[in-house]
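Q: coords please:
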Amino acid sequence: MIRVLFVCHGNICRSTMAQCMFQDMVNKKGLSGKFYIDSAATSREEIGNGPHYGTVGKLREVGIPVIPHRARQMTRGDYEEYDYLIGMDSYNISNMTRIAGGDPDKKIFQMLAFAGSLRSIADPWYTGNFDETYDDLKEGLEAFYRYLESKGL
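A: Numbering: from 1, shown residues only. Reported below is the predicted structural model:
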């Protein structure tokens, strides 16, 4: 089983959107049994809160089921539990590495790195633009899936 953790600052916008989108992607490919997918935050600001209404609205608009989720903070134990820990921007990566106590197994990635870019996933908490975030995540998640295929999935 491939275990994937998507991480952003608060775990209510970008990482929950990525979790729902990637789960939908693998479900449609008939591969849900091969994956365990979750999301987390680097901060404690939104702990216990559900996905942002903008995330929910965008996912519903494009026909992707919203997974019941409550924001939680990433832990050091997550580093051991997951195969891929994917952050949305360089600040997330820095905080994820700190929380994990380093990245000796090279399991921490920035989302758009799979698409050959170090560009950040747009944060709709600040921009209000959930369409841009969705487009960025679609690009990154499709590239991540191709990466996994190249590794033999």
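
Q: Show me what the helix or strand where Asn27 lies is packed up against.
A: For Asn27, the host element (DSSP states H and E) is helix 14-28. Secondary-structure packing of helix 14-28 (3 or more CB pairs under 8 Å, 6 or more residues apart in numbering; DSSP states H and E): strand 2-8, strand 35-41, helix 53-61, helix 130-150. All C-beta atoms are positioned from the backbone trio N, CA, C, and that covers glycine.

Q: And these: which comes nearest Arg72?
A: The minimum distance between Arg72 and the helices and strands packed on helix 14-28 falls on strand 35-41, with 5.4 Å, by CB to CB.

Q: CA-only coordinates of stretch 51-71 in PDB, if you can.
A: Taking Å, rounded to 0.1, in the frame of the first residue of the first chain, the C-alpha atoms of stretch 51-71 are listed here in PDB:
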ATOM      1  CA  PRO A  51     -12.500  21.900   5.100                       C
ATOM      2  CA  HIS A  52     -12.800  25.600   4.200                       C
ATOM      3  CA  TYR A  53     -16.200  26.400   2.500                       C
ATOM      4  CA  GLY A  54     -14.200  27.500  -0.700                       C
ATOM      5  CA  THR A  55     -12.500  24.100  -0.900                       C
ATOM      6  CA  VAL A  56     -15.900  22.300  -0.400                       C
ATOM      7  CA  GLY A  57     -17.500  24.600  -3.100                       C
ATOM      8  CA  LYS A  58     -14.800  24.000  -5.700                       C
ATOM      9  CA  LEU A  59     -14.700  20.300  -5.200                       C
ATOM     10  CA  ARG A  60     -18.500  20.100  -5.500                       C
ATOM     11  CA  GLU A  61     -18.400  22.300  -8.600                       C
ATOM     12  CA  VAL A  62     -16.000  19.800 -10.300                       C
ATOM     13  CA  GLY A  63     -17.900  16.700  -9.000                       C
ATOM     14  CA  ILE A  64     -15.200  15.500  -6.600                       C
ATOM     15  CA  PRO A  65     -16.600  14.000  -3.300                       C
ATOM     16  CA  VAL A  66     -15.600  15.800  -0.200                       C
ATOM     17  CA  ILE A  67     -14.000  13.400   2.300                       C
ATOM     18  CA  PRO A  68     -15.100  14.000   5.900                       C
ATOM     19  CA  HIS A  69     -12.000  15.400   7.500                       C
ATOM     20  CA  ARG A  70     -11.000  17.500  10.500                       C
ATOM     21  CA  ALA A  71      -7.800  19.400  10.500                       C
END
